[in-house]
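K.L.:
below is the sequence, then the predicted model.
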Amino acid sequence: MANLNEAVDAVLGNINIVSVISRYLTLRKGGKNHMGLCPFHSDSKSPSLSVSEDKGLYHCFGCGASGNVITFISEIEGISRFEAIKALANEIGIDITSGYQKGKREKFLQITQLAAKTFHNNLINEIKLNPTLRKFIKDRHITENIAKQFFLGYAPFDADRYVDELKLLGKDVDVAKDLGVIAISRAGRPYFKMHDRFIFPITDINGYPIGFGGRTLSKDETIPKYINSQNSPIYNKSKSLYGLGLAKDYIKVEGNAILVEGYFDMMTLFKAGIRNVVSSSGTALTPEQVLMLKRLTDKILVFYDSDDAGQKAAFRSIEILLSSNIEGKIFKLPVKDPDQFINERGAEEFKEVLNKEGILLEDFYLFYLSRVYDLSVKKQKQEAYSKALDLLRVIADNDIKEKFLGKIADFFQYSNIFVEEDYQKGTLRVKAAKPEKVSRKINLDSLGKKYHEAADNFFQILFRHAARYEEDVLKIDLNNFPVGDFRELLASLLDYLDMNGKFESNGFISFLADNEKEELVSSAVTYIMSNEEGAQEEEEQKDDTSHFHLYRLQMELFGIRINVNNIKKVMTSPMESKKAKMMHFKDMSTLNNRIVDIQKELGGYLHGK
């Protein structure tokens, strides 16, 4: 038995990060580190994920994703940090049984789990009393097993009992409101926001309910047929796929994922034994949803509704899929949707469609263009050709790109050379455009730039030899630094050293994650991994130490000057009292005295600057 801290130490000390990440993507040795395609951003066309076996860390130079093996499993599996620690600890035979305080996500999940349970129990009771509900269940072929497996429910209006149970569990009722589960009437009574609706719990990849979809049974056309939970700290519609928790293992086994539009499409296929299926829940496919599937497979078979809206949605999905390096096909059924097809024709005929039919993504793209544009009209043909070139430019797979170029030429009856010239013109225009950085934009004045440069240099050396400078770091006065990321990173490092006594890179990253400072993880990992430590000569070590103190003093000097300028601005405000201005003046005098001391320490380094 181990508590959480012991389990984290055991995981970081015994699990090889390269071995774990290699389960999800191909890594190749490049110098001291391993490199691979980053699974955390959709336009990953070249290896940008660097994995340090020695340090136990990873960092993407494209999107900034960073962390240790625990962070990686949490992100790629879509699970909480605790769940990731528990899973990895189990791999080395450690059971976490104590010492864990539930984080915010776990507390939120308890609230949605209780709601799902309430809806499910109410469905069982309502079936006996509600003839409209009974008819709906019969017409939609919902069996008792499917109702249990998907934890289907029916939401009552009154939420009093649910709120009472929340209070007994010590849960905050306001959080249930923030998660979109309940609302409060003008009379002060709680009620379920999806009352009188058939409920589909939407789960994360591990099967925990994070939100809900609700279908009305009313025939009133002024009432929306479907509504979804509002976005919340645990649910985002664009980052969720209905049924993924149940389908994930089947997707891995089959080597592909079937993507459908609706809840019933997914459930009906699953009930029929076709279980590598997920639903985008009636929403347009998003890059985030594709990334979720890409972690399981690189082949997606799209079965959207056969009406115009469904086919348009399929067309729009193609650019996202091909730019994400996904291979796939689009299928158009002779009936409205997969739900109807299975109920009328059966699973075996659907499997025949899977094996024999389907149009390659890029081929469907051209087919759809021929439907919406009149290619005999010059202007419309040019517009369709321009769209085809746009798709060509974002295709990640070079083999598909090359073949599609030839298909464009054949389709529009142009020569391959003509198409390639137009493609190259567009590509050059794209390359000439200044790339937008993924990282946070920094708008700095001259003083801010000096502070930023000094702080950057300081952290480079600090994380190269953190153990060497622990005592020096502990002497730093945080009050001399302006509020911002550098101060936050330094404050976290001081807290970590105060708690642990010595610096260990992997432990520091875990410390940041444990304290919900994920925004600092990327910065810390970037500094740590940019300093691949090798053997240093004694003179080199002295040189590093000299520069460490120089950059520390520069950082503090420019930081104090920024603080002084900020105080001056505050003092000019007519809202400030005379007493407050006197206190500000005193603070400014203290800071100016420190500037004089720093300049003496710097000596000739900053003379005239």
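P.N.:
Sure thing, it's come through.

K.L.:
every contact and neighbour count from this point should use C-alpha atoms.
P.N.:
OK.

K.L.:
just checking, what packs against the helix ranked longest in the chain?
P.N.:
The helix of greatest length in the chain, counted in residues with DSSP state H as the criterion, is given as helix 538-571. For helix 538-571, the packing partners by 3 or more C-alpha pairs under 8 Å, 6 or more residues apart in numbering; DSSP states H and E come out as helix 446-464, helix 578-602.

K.L.:
could you pull out the helices for the stretch 151-300 of the chain?
P.N.:
Assigned by DSSP state H, counting those that start in this stretch, the helices in the stretch 151-300 of the chain fall at 160-168, 173-178, 244-254, 263-271, 287-294.

K.L.:
that should have said the stretch 351-500 of the chain, apologies.
P.N.:
Counting by DSSP H, counting those that start in this stretch, the helices of the stretch 351-500 of the chain are 361-372, 378-394, 398-412, 416-432, 446-464, 470-474, 485-500.

K.L.:
which other helices and strands does the fifth one contact?
P.N.:
To tie it back to what came earlier, the one meant is helix 446-464. Here helix 446-464 is seen to pack against helix 518-529, helix 538-571 when contacts are counted using 3+ C-alpha pairs under 8 Å, 6+ apart.

K.L.:
now those helices in a markdown table, please, with extra columns for mean pLDDT and mean neighbour count.
P.N.:
Converted to a markdown table, the helices and strands packed on helix 446-464 look like this (pLDDT from 0 to 100; neighbours: other C-alpha atoms under 10 Å):
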| stretch | mean pLDDT | mean neighbour count |
| --- | --- | --- |
| helix 518-529 | 73 | 21 |
| helix 538-571 | 76 | 18 |
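
K.L.:
any chance of the ones you listed in a markdown table, plus distance to Ala116?
P.N.:
Listed next are those as a markdown table, based on distance: least, C-alpha to C-alpha, whole Å:
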| stretch | distance to Ala116 |
| --- | --- |
| helix 518-529 | 30 |
| helix 538-571 | 51 |
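
K.L.:
and the ones you listed: which comes nearest Asp172?
P.N.:
Shortest distance between Asp172 and these, using C-alpha to C-alpha, is found for helix 518-529: 24.9 Å.

K.L.:
how far is the closest one from where the chain is centred?
P.N.:
17 Å (C-alpha atoms, centre = their mean, to the nearest Å).

K.L.:
what of stretch 487-505?
P.N.:
Using C-alpha atoms, centre = their mean, the distance from the centre of stretch 487-505 to the centre of the chain it belongs to is 27 Å.

K.L.:
run through this protein and note the low-pLDDT ranges.
P.N.:
Low-confidence segments of the chain, defined by pLDDT under 70, are located at 1-4, 42-45, 96-103, 283, 426-445, 514-519, 530-544, 573-576, 604-609.

K.L.:
how is it partitioned into domains?
P.N.:
Taking automatic domain parsing as the domain assignment, the ranges for the chain are 2-98, 104-235, 239-364, 373-432, 446-606.

K.L.:
please name the nearest non-neighbouring residue to Lys581.
P.N.:
Once its chain neighbours are removed from consideration, Lys581 has its nearest residue in Met571; the separation is 5.7 Å (C-alpha to C-alpha, 6 or more residues apart in numbering).

K.L.:
also Leu474?
P.N.:
Closest residue to Leu474 apart from its sequence neighbours, by C-alpha to C-alpha, 6+ apart: Leu494 at 6.3 Å.

K.L.:
quick one on the thing from earlier: out of the helices and strands packed on helix 446-464, nearest to Phe503?
P.N.:
When the helices and strands packed on helix 446-464 are ranked by proximity to Phe503, the top entry is helix 518-529, at 11.8 Å, counting by C-alpha to C-alpha.

K.L.:
who touches that closest one?
P.N.:
For helix 518-529, the external contacting residues (C-alpha atoms under 8 Å, 6 or more residues apart in numbering) are 52, 55, 57-59, 64-67, 459-460, 463-464, 485, 488-489, 505, 509, 512-513.

K.L.:
got a quick ChimeraX command for the buried subset of those residues?
P.N.:
Below is the selection syntax for ChimeraX that covers the buried ones among the contacts of helix 518-529, with 16 or more other C-alpha atoms under 10 Å defining burial:
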select :52,55,57,58,59,64,65,66,67,459,460,463,464,488,489,505,509,512,513
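
K.L.:
by how many degrees do the longest helix of the chain and helix 578-602 diverge?
P.N.:
Computed with axes from the mean of the first three to the mean of the last three C-alpha atoms, to 10 degrees, the direction of helix 538-571 lies at 160 degrees from that of helix 578-602.

K.L.:
quick one: the closest residue to Thr203 other than its chain neighbours and Phe150, what's the gap?
P.N.:
Excluding its sequence neighbours, the residue lying closest to Thr203 (C-alpha to C-alpha, 6+ apart) is Pro209, at 4.1 Å. Pro209 sits 10 Å away from Phe150, taking C-alpha to C-alpha, to the nearest Å as the criterion.

K.L.:
who has more neighbours, those two?
P.N.:
For Pro209 against Phe150, the residue with the higher neighbour count under other C-alpha atoms under 10 Å is Pro209, and the figures read 25 against 17.

K.L.:
report the contact partners of that one.
P.N.:
Taking C-alpha under 8 Å, 6+ apart as the contact definition, Pro209 lies against 109, 112-113, 116, 201-203.

K.L.:
swap in 10 Å and give it another go.
P.N.:
108-116, 151, 200-203, 234-235, 245 (C-alpha atoms under 10 Å, 6 or more residues apart in numbering).

K.L.:
ditto for Leu291
P.N.:
Applying C-alpha under 10 Å, 6+ apart to Leu291 gives the contacts 39-43, 76, 239, 297-298, 320-321, 324, 326.

K.L.:
among those, which are located in helices?
P.N.:
Residues of the contacts of Leu291 located in helices (DSSP H): 76, 320-321.

K.L.:
can you list the residues you listed in a markdown table and add neighbour count?
P.N.:
As requested, the ones in helices among the contacts of Leu291 are exported to a markdown table (neighbours: other C-alpha atoms under 10 Å):
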| residue | neighbour count |
| --- | --- |
| Ile76 | 16 |
| Ile320 | 23 |
| Leu321 | 26 |
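
K.L.:
what's the closest non-adjacent residue to Leu259?
P.N.:
The shortest distance from Leu259 to any residue other than its chain neighbours is 4.8 Å, reached at Val302 (C-alpha to C-alpha, 6+ apart).

K.L.:
hey, C-alpha coordinates of the helix or strand hosting that neighbour in PDB?
P.N.:
Mapping Val302 onto the secondary structure by DSSP states H and E places it in strand 299-303. Provided in PDB are the C-alpha atoms of strand 299-303 (Å, rounded to 0.1, in the frame of the first residue of the first chain):
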ATOM      1  CA  LYS A 299      -8.400   5.500 -39.900                       C
ATOM      2  CA  ILE A 300     -11.900   7.000 -39.700                       C
ATOM      3  CA  LEU A 301     -15.000   5.800 -41.600                       C
ATOM      4  CA  VAL A 302     -17.700   8.600 -41.700                       C
ATOM      5  CA  PHE A 303     -21.400   7.600 -41.700                       C
END
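
K.L.:
helices or strands next to that strand in the packing?
P.N.:
Using 3 or more C-alpha pairs under 10 Å, 6 or more residues apart in numbering; DSSP states H and E, the elements in contact with strand 299-303 are helix 244-254, strand 257-260, strand 277-279, helix 287-294, helix 308-323, strand 327-330, strand 359-360, helix 361-372.

K.L.:
and those, which is most packed in?
P.N.:
Relative to the other members of those, strand 277-279 carries the highest mean neighbour count by mean count of other C-alpha atoms under 10 Å, namely a mean of 28.

K.L.:
list the helices and strands that one packs on?
P.N.:
helix 244-254, strand 257-260, helix 263-271, strand 299-303.
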